[in-house]
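Student: The sequence isn't on hand, but the structure is:
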């Protein structure tokens, strides 16, 4: 397994601003993922972040809106840019420890006013 | 493309059994099951790889029928701690990217 932390745990932001979410894992992992989960809904994959390569985005998500960094094997950031109320959601990171199993961080609860 | 889970919600008394189904329109390489309690992160339960295997631990088990592109999660003698929302996650292309199902909310009462 893996222990994953995220910062901030929650935030309230004004529309038009940007927020960077950090994800830290206690061991080196190759694959990290970023998900969005709207209240009461399922999880939707935003992008996959592998160290040493550009993040790959799923349909409906673009780099200009959700830039991702992956500077090393234990850390990643997701930025939500030029936010609107529709971006209000829970953002979760997860890691694959090489066993085809994903472990999730506690999530960042974002409210955009 | 999103797997469909049924039922959408289940209410149980302690000790009762439940089955949660996950159906995909795509051929599957693997199916993953998670439980998420309110306000918490999803917690991994088990993974099933193609080959029609069954798995289980404690009183929770699962099966995977790759021909039918379906998986089922079996909860027996339910406990209060089983309450939460259950999600299946499918990996159609063996890329380790998961597509999560619609979710099943399970509530267990004393």
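Tutor: Everything's here; your move. Everything numeric in this text was worked out from a predicted model, so none of it was measured.
Student: Now chain A against chain B: closest residue?
Tutor: residue A:104 (4.0 Å; C-beta to the nearest C-beta). Any C-beta I mention is one placed from the backbone N, CA and C, and that applies to glycine too.
Student: For residue A:109, give me the pLDDT.
Tutor: Looking at residue A:109, its pLDDT reads 97.
Student: Could you double-check that the residue of chain A closest to chain B lies in contact with residue A:92?
Tutor: Yes - counting by C-beta atoms under 8 Å, residue A:104 does reach residue A:92; the two are 5.4 Å apart.
Student: So for the two, which residues contact both of them?
Tutor: Listed as contacting both residue A:104 and residue A:92 by C-beta atoms under 8 Å, 6 or more residues apart in numbering or on different chains are A:35, B:41-42.
Student: Which residue comes closest to residue B:60 once chain neighbours are left out?
Tutor: residue B:75 (5.5 Å; C-beta to C-beta, 6 or more residues apart in numbering or on different chains).
Student: again, but for residue A:106
Tutor: The shortest distance from residue A:106 to any non-neighbouring residue, by C-beta to C-beta, 6+ apart, is to residue B:41 (5.1 Å).
Student: so who does the one you found touch?
Tutor: Shown in contact with residue B:41 (C-beta under 8 Å, 6+ apart): A:92, A:104-107.
Student: at 10 Å instead, please
Tutor: A:4, A:6, A:37, A:90, A:92-94, A:103-107, B:34 (C-beta atoms under 10 Å, 6 or more residues apart in numbering or on different chains).
Student: cool, residue A:50 as well?
Tutor: Contacts of residue A:50 (C-beta under 10 Å, 6+ apart): A:29-33, A:56, A:70, A:73, A:76, A:96.
Student: got it, and residue B:107?
Tutor: B:9-12, B:78, B:80, B:82-85.
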